[in-house]
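With the sequence up front, the predicted model follows.
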Amino acid sequence: MSTRYDLVAREIAAALNNAPPGTFREAFDAKARYVVSWKLTDLQNAVKVSVTPRSADRSIESRSTDRVEMPLDVAVQTRCTATDTDRVAELVELTDQIEAYLNRLNLEADAVAALWKGSEIDPLYDAAMLHHDRVFTSVLTLTYAVFVDRREPVGGGA
Amino acid sequence: MNPVAQAIAAAHQATHRVAGVTVRYRRGDVYTDLDVAAVPSANRFEESDHAGLKTLLHVRDYLILAANVVFENQKTEPEAGDVIEEVIGDQVYHFEVMSPGGAASAWNYRDTARSQIRLHTKLVATEALP
């Protein structure tokens, strides 16, 4: 059974993978993942984009319905050296393009509907990972809102 | 070089003769003039975790003689980003020189005479032997 967390993450990954050609400066395969764990060899010649549910914040929407704000992280990762500033700039631009593409993109799949609420890129890139592991990492946090019955678990029943 | 330094250098050379494996050492696409005898030392697996994003690291240290880092007849020092290519079985393992983490440098001299170098590396690629 898929949870609502899975479904939202998968819909975001699908939206990225199905973007029109030329939307992003380079190709990548986005995937929903609960755990992001790579070997350096996995990142050598590929940009990995991982969509990970982070948390859920539930509040009253109406008498019978609750609103759940659900931040998800979109991590952009690949091998890169700290001294290759041109490449770092390219990858920051890629994250920017992903953010712009997902801006105000509501999810309207049969399995799950979610409203885009906002986004934040933090860090723009992780300096520690760049220096120590020579891995470029940028994290785009998207916040989506879903609406659930007041007795329904946030993640389940989708 | 004083007698003590000479003795240490001789000991390092003996270590490389006995325990060294032949590796290729490159900087970008340029290889050292000669293949290098390197002594693999620490070999371990680590996991770095930055805000929940995990990276699994195959960390390997090599000891090499400083005199062997020679590109186009120019003796030089290692740099972060240099790559050791070691053949193990039917695979070529590419270990990149980089800091092991924290404030540690990617490489350091092991003796005051600067005859031997410890390289800290991490596995970044593997390929089948041609």
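Received, thanks.

Next, work out how far apart residue A:9 and residue A:102 are.
12 Å (C-beta to C-beta, to the nearest Å). Heads up, the C-betas are built off the backbone N, CA and C, glycines and all.

the more surrounded of these two?
residue A:9 (29 against 18; other C-beta atoms under 10 Å in any protein chain shown).

Skipping its backbone neighbours, what lies nearest the more buried one in space?
residue A:32 (3.6 Å; C-beta to C-beta, 6 or more residues apart in numbering or on different chains).

How much space separates the one you found from residue A:108?
On the measure of C-beta to C-beta, residue A:32 and residue A:108 end up 17 Å apart.

Give me the contacts around the host helix or strand of residue A:115.
Element membership for residue A:115 (DSSP states H and E) is strand A:113-121. Here strand A:113-121 makes contact (C-beta atoms under 8 Å, 6 or more residues apart in numbering or on different chains) with A:8, A:11, A:69-70, A:95-96, A:99, A:102-107, A:138-147.

and the closest residue to chain A within chain B, which of the three is it?
Closest to chain A within chain B is residue B:54: 4.1 Å, counting by C-beta to the nearest C-beta. Recorded secondary structure, residue B:54: strand (DSSP: H, G, I helix; E, B strand; the rest coil).

what sits opposite the residue nearest to residue A:9 in the beta ladder?
On the basis of DSSP bridges, residue A:32 is bridged to residue A:51.

List the contacts of it.
Shown in contact with residue A:32 (C-beta under 8 Å, 6+ apart): A:6, A:9, A:10, A:12, A:13, A:50, A:51, A:52.

Reformat the residues you listed as JSON lines; add pLDDT and distance to residue A:80.
As requested, the contacts of residue A:32 are exported to JSON lines (pLDDT from 0 to 100; distance: C-beta to C-beta, whole Å):
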{"residue": "A:6", "pLDDT": "90", "distance to residue A:80": "30"}
{"residue": "A:9", "pLDDT": "94", "distance to residue A:80": "25"}
{"residue": "A:10", "pLDDT": "94", "distance to residue A:80": "27"}
{"residue": "A:12", "pLDDT": "96", "distance to residue A:80": "24"}
{"residue": "A:13", "pLDDT": "96", "distance to residue A:80": "22"}
{"residue": "A:50", "pLDDT": "97", "distance to residue A:80": "16"}
{"residue": "A:51", "pLDDT": "97", "distance to residue A:80": "21"}
{"residue": "A:52", "pLDDT": "95", "distance to residue A:80": "21"}
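
so which two of those residues are the farthest from each other?
Spanning the widest gap among those are A:6 and A:50, at 13.3 Å by C-beta to C-beta.
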